[in-house]
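Novice: pasting the sequence and the predicted coordinates here, then a few questions.
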2 protein chains.
Amino acid sequence: MAKSKSPTPAKLPRKTVTDATDKSTLKCLETEARAVYEDSIKDGKPELSAPVRSLGNVKYDSKVGYLEIGRQKKVRTLTVNTVKSFAQTLRVMSLSKEMIEGDTFATKREAYYVSKNWGEAKFNEQPESDAVMDDIEAMFAVQGVSREQLRFYPEEHGGAVAGHLIVIDRDPATGNRLRIDCTKFGTGAYTIPHSVEHLEFETKARFVLAIETGGMFQRLQAHGFWDTADCILVSMSGVPTRATRRFVRRLAEDKQIPVYAFVDCDPYGISNIYRTLKVGSGNTAHLNRFFCVPHATYLGVTPQDILDYELPTHPLLEVDVKRAKDALKNDPFFQHYKPWQKAMEMLISMGVRAEQQALAKWGLNYVIDEYLPDKLKATKSFLP
Amino acid sequence: MAKSKSPTPAKLPRKTVTDATDKSTLKCLETEARAVYEDSIKDGKPELSAPVRSLGNVKYDSKVGYLEIGRQKKVRTLTVNTVKSFAQTLRVMSLSKEMIEGDTFATKREAYYVSKNWGEAKFNEQPESDAVMDDIEAMFAVQGVSREQLRFYPEEHGGAVAGHLIVIDRDPATGNRLRIDCTKFGTGAYTIPHSVEHLEFETKARFVLAIETGGMFQRLQAHGFWDTADCILVSMSGVPTRATRRFVRRLAEDKQIPVYAFVDCDPYGISNIYRTLKVGSGNTAHLNRFFCVPHATYLGVTPQDILDYELPTHPLLEVDVKRAKDALKNDPFFQHYKPWQKAMEMLISMGVRAEQQALAKWGLNYVIDEYLPDKLKATKSFLP
C-alpha cells in the first residue's frame, strides 16, 4: 500500500473576510508588519516589542478587576543573532493572516508542524514555536487582540454547561445562526468550544455557578438545580481552561449577571482555581484582560463552612500550607482583600481542608436541599 | 454567621421504580443480600464472592471480542477478621439500593463521605471504600450489572460528540423524552453524560470516528467533516473515559455501525488508547463486557503512514520501546493479530513516532482534503 506520490504542501483557499473582529485583527497584523518593513528600508533595523511577562511586571487594582501587565517592554531588534527568530515571528504572523483569510485555525502543535515547510525558518522543537507564539500573543494582547482572534486555538475545549441559557453560534459550514438551548440536554451537557469570541447569549438567569468538580456539576444538573435556583451551571474540572474562563467572562459581562464559585476549601481551590478565575494569574498577566472574571465571588466551601456544617476533613499537607503562605505574602490579590487574609489564616490555623463533595456526609442531596439554598440567601457576604 | 444547629443526616425520598433495568438491578441486589441473610441464620457463615481481578485470570477470544475475566473467584467468609469489611460491603450494597429507589447516584468520593454516618462501619480513607466498591462492581459484573446501574457514577464525563446523530435522553426533572441533534452545535459540541445506559440513538451515519486529540476533533468539526463524510465524530482526549467507551460501544452495537480509531502513531496511542477502546484492559477484565468496542478498527496513523505521508517524527523514547515490547510479549490482543505484530515491530525498528497533527506539515486541512478521504477508500485494510 505504499504511495508513489509525495504529498505537496497546500495553501489555504482564501475567502472574503466579512467579520468585523477578523477585519480589525488583520489591520493590527498589517500595521505591525508594515512598521517592520518600513524600518527595514529606512535603516535596516526593524524592531518587534512585547511586554515583559513576569510577576515583577504586574499590578492589581480592584477597580480594574484583574492582575494587569505593567509597562516594561522587551524589544527585539533584527541582528545577526536574532535573524532566525525574527523571521519565524514574521512567518507565524503571516500564518495568522492566512488563517483568518482562509477561515481556519491551528493549535500550537499544528502551527509547529506547519513550519516544517518553512525551509530555514522551520522550528526544530515545539518549545521554540510555543515561545514565539507566546511573544506574539503578548505583543497583540496590549492592543486588545487575543490569541484566539489570531486563530491560534487551545488544544483543550471548555467545560460543560447546563441551565437557563441560550448560546447563539453559527453553523461553521453554512454560516447560519444556531440557537443552542442549554435546558435541553437531558443528563448530558453543552461543551464550550475552543474559541468563544463569536458567541452571543440570551439568558434571564439570576447567576452563573462555576463548579470545581465534574461530580458536583453532575449532581446539580441531574436534579435540575439550575431550574429551581434559576441559574446556569458551568463545570470547571479543576483550574478552568482558557475557553471556560473566556466563556464565563463574556457571558457575565454581556448579561451583567454575577458569577459564584463553588470549589473545594483548600489553598489550591482558593488560590489556584478561584483566584485564576477571578483575576487571572501573574505569569500570564498580558492575558488577564481577556480571561479573568472580575464579576466572580466565592460562595464556598469556606473555612467557616467546615465548622458550621461539621464537614469531614483531611489534614493540610505541607505543600498546601506553603501555597497558602505564599499567597498571603506575595499575591497582590490576597494582599488587597482583608477578608481573604482572615479566611486563609483561619484555614492555616485549623490545619485541615474539605472537599465540596464532603457535604454528602449529611445525605447525597444535602448540598441541593440545604447548603446551596442557605448560602444563596446571603450572596452579599460571599468572600470577594 | 456561625450556625447554631448541627445538620442531621437526611434519608433519600423513595420513589416508585418503573425502569426495567433498575428493577432487575434491585432484584440482583436483593438476591445477593438474601443469600447472606439466609446463610447467617443457617450456620452463621455467610459468604460473598467476586472474580479475581488480575492478568492471570484473563483470556482473549476474537469471537467474543474483548479480554474476558476467567473463572477464579475470591470468596470472603464472615469471620472476626473480616467483620468490618463484610459489614461495609453490605452497607454499600444497601446504599446502591437506596439510590435506585431515590433515583439518584453517587461518585466514589461521595459514597466515601456518606459512610461518615455509618458509625463503626464508616470508612477511614477513600482507598478503603474504593476497594469495597471495586469488589462489588466485579461481583455484580459477572451477572451483567454495571457499576453505573448500581448508581455509582464516575467523576469524569465523556468526550465531545458532533455529527449525524440524534441522542434520545430524558429530562431528569420531568422524565420527558428529549431529542438532542448533534448536527446543531455550531462550533461547540455535545458532552456525553457520566452514565449512558438510558440513552437511545437515531443515526444513518456511515461510521463513528473516534479521535485522540481535542485539537483534531475541533478541526474536523469546524470544517464540517462529519457532513461531507457522513459520520459521527467523538473526541477521546487521550485514553477514553468509561462514559466515552460505553457510549461508543452502545451506539456501535445498537446501530451496527463501524468505529474507526484515529490516534497518534506511538505505542501509547496504539496499545493504551486503541487497545483499551477495542478490547478493554487486563486489570479491569470484569468490566470489558460493558466498555470495550469490538467493532473498532484502526484507521491510523499507522507506521506505514509515516513513510507514505513523509510525516515529521520524534524519536521513540525508552518507555515507548518498552511499552511496545511488552505488548508483543504479554498482551493477548497483540498475540492474536499478526498484522499488529508486524506493525509494532516496524515501529520499533523505525525508532520513531508521529502525532496525528503532524499531517499539518502538508497544510492545515490536508487531513480533511487528502488523508482521511484516502484512508476511507480502503476501510477493509485497516489494522484490526
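Specialist: Looks like it came in fine. Predicted model, so just to flag it, every value in this text is computed and none were measured. Numbering: from 1, shown residues only, chains lettered A, B, ... in the order given.
Novice: C-alpha from now on. contacts and neighbour counts both.
Specialist: Noted.
Novice: tell me the pLDDT at A:Lys5?
Specialist: At A:Lys5, the pLDDT value in this model is 53.
Novice: kindly report the same for A:Ile232.
Specialist: 98.
Novice: what of A:Met1?
Specialist: On the pLDDT scale, A:Met1 gets 44.
Novice: just A:Pro172 next, same as before
Specialist: 82.
Novice: so who does the residue nearest the centre of chain A touch?
Specialist: In chain A, the residue lying closest to the centroid (Cα atoms, centre = their mean) is A:Arg242, at 2.4 Å. Shown in contact with A:Arg242 (Cα atoms under 8 Å, 6 or more residues apart in numbering or on different chains): A:154, A:158, A:291.
Novice: one more: A:Val75?
Specialist: Going by Cα under 8 Å, 6+ apart, the list of residues near A:Val75 reads A:47-50.
Novice: doesn't it fall inside a strand?
Specialist: Yes. The assignment for A:Val75, made by DSSP: H, G, I helix; E, B strand; the rest coil, places it in a strand.
Novice: in the longest helix belonging to chain A, what's buried?
Specialist: Using DSSP state H to define each element, chain A has its longest helix at helix A:20-43. By 16 or more other Cα atoms under 10 Å in any protein chain shown, the buried positions in helix A:20-43 come out as A:22, A:25-26, A:28-29, A:32-33, A:36.
Novice: okay, now the sheet partners of the helix or strand just after it, with direction.
Specialist: Where DSSP states H and E defines the elements, the next helix or strand beyond helix A:20-43 is strand A:47-51. Applying DSSP bridges, strand A:47-51 is found paired with strand A:73-77 (antiparallel).
Novice: identify each buried residue in the strand it pairs with, please.
Specialist: A:Thr77.
Novice: export that strand as CSV, just CAs?
Specialist: Extracted in CSV, the C-alpha atoms of strand A:73-77 (Å, rounded to 0.1, in the frame of the first residue of the first chain):
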residue,chain,number,x,y,z
LYS,A,73,8.8,46.0,27.4
LYS,A,74,11.2,43.6,25.8
VAL,A,75,12.4,44.9,22.4
ARG,A,76,13.9,42.6,19.9
THR,A,77,15.9,44.3,17.1
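Novice: could you confirm whether stretch A:150-163 reaches chain B?
Specialist: Yes. Applying Cα under 8 Å from any Cα of the partner chain, one finds stretch A:150-163 touching chain B at A:154-157, A:160.
Novice: span of that stretch from start to end?
Specialist: Using Cα to Cα, to the nearest Å, the end-to-end distance of stretch A:150-163 comes to 31 Å.
Novice: same question for stretch A:250-269.
Specialist: End-to-end for stretch A:250-269, by Cα to Cα: 22 Å.
Novice: just stretch A:297-307 next, same as before
Specialist: 21 Å.
Novice: mind listing what's buried in that stretch?
Specialist: Those would be A:297-306, for stretch A:297-307 by 16+ other Cα under 10 Å.
Novice: likewise for stretch A:128-147?
Specialist: A:129-130, A:132-133, A:135-141, A:144-147.
Novice: out of these, list just those in helices.
Specialist: Per DSSP H, helices hold the following members of the buried residues of stretch A:128-147: A:129-130, A:132-133, A:135-141.
Novice: coming back round to it: from the buried residues of helix A:20-43, which single one is nearest chain B?
Specialist: Comparing the buried residues of helix A:20-43 against chain B with Cα to the nearest Cα places A:Asp22 closest, at 16.7 Å.
Novice: my guess is A:Asp157 meets A:Thr241, correct?
Specialist: One correction, residue A:157 is His, not Asp. Yes. Counting by Cα atoms under 8 Å, A:His157 does reach A:Thr241; the two are 7.3 Å apart.
Novice: which of the ones in helices among the buried residues of stretch A:128-147 lies closest to chain B?
Specialist: A:Ser129 (14.1 Å).
Novice: distance of the closest one from A:Pro240?
Specialist: 24 Å.
Novice: from A:Leu178, how far out is A:Asp171?
Specialist: When A:Asp171 is compared with A:Leu178 (using Cα to Cα), they lie 7 Å apart.
Novice: shared neighbours, these two?
Specialist: With Cα under 8 Å, 6+ apart as the test, A:Asp171 and A:Leu178 both reach B:184-186.
Novice: what parts of the stretch 51-200 of chain A come near chain B?
Specialist: Residues of the stretch 51-200 of chain A lying near chain B (Cα under 8 Å from any Cα): A:105-107, A:109-111, A:113-117, A:154-157, A:160, A:169-173, A:178, A:180, A:184-194.
Novice: buried subset of these as a PyMOL selection?
Specialist: Selection of the buried residues among these in PyMOL, burial being defined by 16+ other Cα under 10 Å:
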select buried, chain A and resi 105+106+107+109+110+111+113+114+115+116+117+154+155+156+157+160+169+170+171+172+178+180+184+185+186+187+188+189+190+191+192+193+194
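Novice: where does A:Ser195 sit: helix, strand or coil?
Specialist: Quick answer, by three-state DSSP: A:Ser195 is coil.
Novice: check contacts around it.
Specialist: Listed by Cα under 8 Å, 6+ apart, the contact set of A:Ser195 reads A:148, A:153-154, A:243.
Novice: cool, A:Lys63 as well?
Specialist: Neighbours of A:Lys63 in contact, by Cα under 8 Å, 6+ apart: none.
Novice: repeat for A:Lys45
Specialist: A:39, A:77-79.
Novice: let's see 6 Å
Specialist: Going by Cα atoms under 6 Å, 6 or more residues apart in numbering or on different chains, A:Lys45 touches A:Leu78.
Novice: low-scoring stretches of the stretch 51-200 of chain A, by residue?
Specialist: For the stretch 51-200 of chain A, the stretches flagged by pLDDT under 70 are A:55.
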